[in-house]
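**Student:** Return a 3D structure for these sequence lines:
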Amino acid sequence: MWATVSMTPHLSDDKAFRSLWVHRRVPPVRMRDRLILSALITAGLAAVVLLFDWWFRPAHVAEPALFVLLSVAFWYGISRILVGWFNYIAVASLEERPAPAGKRVAIFTTSSPGEPLSMFETTLAACARITYPHTTYLLDDTQDPRFREVAQKHGAVWLELVGLPGAKAGKINRALELTDEEFILVLDPDHIPFPNFLDRVLGYFDDARVGFVQVSQAYYNQFRSFVARGAAEQTYVFYGPVMMGMFGHGVSLAIGANCTFRRAALESIGGHGIGLAEDLVTTIRLHAAGWKSVYVPEIVSRGLVPEDLGSFLKQQLKWARGVFEILSAEFPRLAPKLTWRQRLSYLMIGTYYLCGTTTLIYIAVPFLYLWHGLLPAAMRFEEFLISILPVGMLSAAIYLFVQRWLCHPETERGLHWRGLMLKIGCWPVYLYGTILAVLNRSVPYIPTSKEARRGAFSRLAAPHLVVMVLYLVTVAQVVWTRWTQLAEPALTLTSEAVWGMIGFETLSMLMLGGVLYASWEATRPPAGNAWDAVELTKEPWQ
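**Tutor:** Model (predicted):
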């Protein structure tokens, strides 16, 4: 099978789009690369130690409570850098293993009300062209007879599974009861598998202790919008050196799509986990039950990433709430059965979305000083730059160095600034997820939209517009009072601190600009559907 491209105007880079459909595997990890990476990380750790020593000097404490708050936010960010280095240092992958003949394999893909039928035409056609013998099952709860017809057209078995609790996971668990294949590939309906998919993963199940094999998750609509590019950029390093490092630590994750499970492994934990972060629940339970996992850094399918801001924010809220749920309920119960590396990795995953809280602190601190003269830390700006610069430079050098293990370097290399802007801009959603977790409030499971949707600018950008207005009013007030020398006597604001705080707040506002642009972009009509550009023929893949 070969994926060709319709020459549609909404594809900005046709050549890059064509290159996505070539089978990719990350190159092996060489000893020379390990030595260079180890040297960079060692230098980075030394820079962090020096920064720590400088930061916590008693003379730097101004307002103790605010200093503690700022320190928590700042060192949370540094800890995330250290977590990345921890993963990179163990980067590893197994040698290719051919798939043994005679294995019985099922492919489960699910359909839900509201999902476009045309997408299933493409996905089920691709499943039919997978070369390793298998049976494809469409787990359907749409109550739309056209989905049964599409399944039959492409040789898939149609299972009507309506009204089951647990959304996608509930349908998977019911399908497990109705089938008997030894291995199950869970494939999201927006993913187009390559014909060699099963040939690339089944060989790793020769080890009877392997419970699941996960491959890279990659996308074919990443060129269609700012949000699509940013959302994809957030995954490039994760599905390259981060997941390879987690595999080296024995903590490969099941991502919910493109994951092949051993039936016995799922049955040993009572089936697929249910929840907002059902893939993470399943992974933790399998590791706690003693099953091994394998990550294969290969692209053997392409799927969809959210194209509009509204869909992306809903996805992020679901994940944030689900991850906090696991951290509070699942992790404490299973932690004693995990290795220390697994416990550390799951703890870091569970606290990822605290970045919403820390971003709020970063935004609030300058306002507190400019409005009320409350200064958390008595640090000279140039001294801070001198202390933070080595950490920043080495962190950037390490980030760029590990990109040699990206799955598709031709389109994935770079600074990934769109992804960073989206992450910072999502702070209200992450904060909301944290609050819901603290209050133990639930979020309904809603499948991520497979089509770009229009949204109202003011609704999508409301928190950022409020912050932006406060910023502009504050800067105008500061400039006016400094210009007219009418500053209130009660506020002893030094010029260096004032302009330093304005500088930090300006940087924050620039980072929020990505979400403002994405909010505007979401008001424009979507240019068709991404899968309309993909045509499947019977020619071999390159």
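
**Student:** rest of the way, CA atoms for contacts and neighbours
**Tutor:** OK.

**Student:** List the residues that contact the residue nearest to Val515 when sequence neighbours are not counted.
**Tutor:** Using Cα to Cα, 6 or more residues apart in numbering and skipping residues adjacent in sequence, the residue nearest Val515 is Gly425, 5.6 Å away. Gly425 is in contact with 464, 511-515, counting by Cα atoms under 8 Å, 6 or more residues apart in numbering.

**Student:** So what's the residue count around Leu516?
**Tutor:** The number of residues packed near Leu516 is 22, by other Cα atoms under 10 Å.

**Student:** I meant Arg32, not that one.
**Tutor:** Arg32 has 9 neighbouring residues, counting by other Cα under 10 Å.

**Student:** which SSE is it in?
**Tutor:** Using DSSP states H and E, Arg32 sits in helix 31-55.

**Student:** Could you point out the helix or strand that follows that helix?
**Tutor:** Following helix 31-55 in sequence, per DSSP H and E, is helix 64-88.

**Student:** And that following helix, what does it pack against?
**Tutor:** The contact analysis (3 or more Cα pairs under 8 Å, 6 or more residues apart in numbering; DSSP states H and E) places helix 64-88 against helix 243-248, helix 355-372.

**Student:** So which bits of that helix are buried?
**Tutor:** Using 16 or more other Cα atoms under 10 Å as the test for burial, helix 64-88 gives 66-67, 69-71, 73, 76-78, 80-82, 84-88.

**Student:** now do stretch 360-377
**Tutor:** 361-363, 365-367, 369-370, 373-377.

**Student:** which residues in the stretch 251-400 of the chain form strands?
**Tutor:** Using DSSP state E, counting those that start in this stretch, the strands of the stretch 251-400 of the chain run over 259-262, 292-296, 298-299, 301-302.

**Student:** tell me how far the first one is from the chain's mean position?
**Tutor:** Shown here is strand 259-262, whose average C-alpha point lies 20 Å from the average C-alpha point of the whole chain (Cα atoms, centre = their mean, to the nearest Å).

**Student:** And the contacts of it?
**Tutor:** 182-187, 201, 205, 210-215.

**Student:** State the paired neighbours of it in the sheet, together with their directions.
**Tutor:** Strand 259-262 has the following sheet partners, assigned by DSSP bridges: strand 183-186 (antiparallel), strand 210-215 (antiparallel).

**Student:** and the first one, average pLDDT?
**Tutor:** Read that as strand 183-186. Here strand 183-186 scores 98 as its mean pLDDT.

**Student:** again with stretch 346-361
**Tutor:** Here the average pLDDT along stretch 346-361 is 93.

**Student:** could I have it exported to CSV, CA atoms only?
**Tutor:** Provided in CSV are the C-alpha atoms of stretch 346-361 (Å, rounded to 0.1, in the frame of the first residue of the first chain):
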residue,chain,number,x,y,z
TYR,A,346,5.1,7.8,37.6
LEU,A,347,5.5,10.5,40.3
MET,A,348,7.0,12.9,37.7
ILE,A,349,4.2,12.1,35.2
GLY,A,350,1.6,12.7,37.9
THR,A,351,3.0,16.1,38.7
TYR,A,352,3.5,17.3,35.2
TYR,A,353,0.3,19.4,35.0
LEU,A,354,1.3,21.4,38.1
CYS,A,355,3.0,23.7,35.5
GLY,A,356,-0.4,25.5,35.4
THR,A,357,0.0,26.5,39.0
THR,A,358,3.6,27.5,38.7
THR,A,359,2.9,29.6,35.6
LEU,A,360,0.2,31.5,37.6
ILE,A,361,2.9,32.2,40.2
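
**Student:** Local confidence estimate at Val22?
**Tutor:** The per-residue pLDDT reported for Val22 equals 74.

**Student:** scratch that, Asp180
**Tutor:** For Asp180, pLDDT reads 95.

**Student:** what about it, which SS state?
**Tutor:** coil (DSSP: H, G, I helix; E, B strand; the rest coil).

**Student:** With respect to Ser225, which of the helices and strands packed on helix 64-88 lies nearest?
**Tutor:** Closest approach to Ser225 among these is made by helix 355-372 (23.7 Å; Cα to Cα).

**Student:** got the contact list for the closest one?
**Tutor:** Here helix 355-372 has contacts from 69-70, 72-74, 76-77, 374-376, 424, 426-431, 434, 474, 478, 491, 493, 498, 501-502, 504-505, 508, using Cα under 8 Å, 6+ apart.

**Student:** can you rerun that using 7 Å?
**Tutor:** Residues outside helix 355-372 that contact it (Cα atoms under 7 Å, 6 or more residues apart in numbering): 70, 73, 374-375, 424, 427-428, 430-431, 491, 498, 501-502, 505, 508.

**Student:** Most neighbours out of these, which is it?
**Tutor:** Tyr430 (27 neighbours).

**Student:** any idea how far Asp53 is from it?
**Tutor:** 31 Å (Cα to Cα, to the nearest Å).

**Student:** all helices of the stretch 301-450 of the chain, in order?
**Tutor:** Using DSSP state H, counting those that start in this stretch, the helices found in the stretch 301-450 of the chain span residues 309-325, 331-334, 340-350, 355-372, 381-401, 409-412, 417-425, 427-438.

**Student:** Could you identify which of those is most buried?
**Tutor:** Greatest average neighbour count among those goes to helix 309-325 (a mean of 23), per mean count of other Cα atoms under 10 Å.

**Student:** helices or strands up against that one?
**Tutor:** helix 427-438 (3 or more Cα pairs under 7 Å, 6 or more residues apart in numbering; DSSP states H and E).

**Student:** Run through the neighbouring helices and strands of the helix it packs on.
**Tutor:** Contacts defined by 3+ Cα pairs under 7 Å, 6+ apart place helix 427-438 against helix 309-325, helix 355-372.

**Student:** pretty sure His154 contacts Cys127?
**Tutor:** No - look at His154 against Cys127 with Cα atoms under 7 Å: they stay out of range, at 8.3 Å.

**Student:** Please compute how far stretch 277-293 lies from its chain's middle.
**Tutor:** Centre to centre, stretch against its chain (Cα atoms, centre = their mean), the figure for stretch 277-293 is 18 Å.
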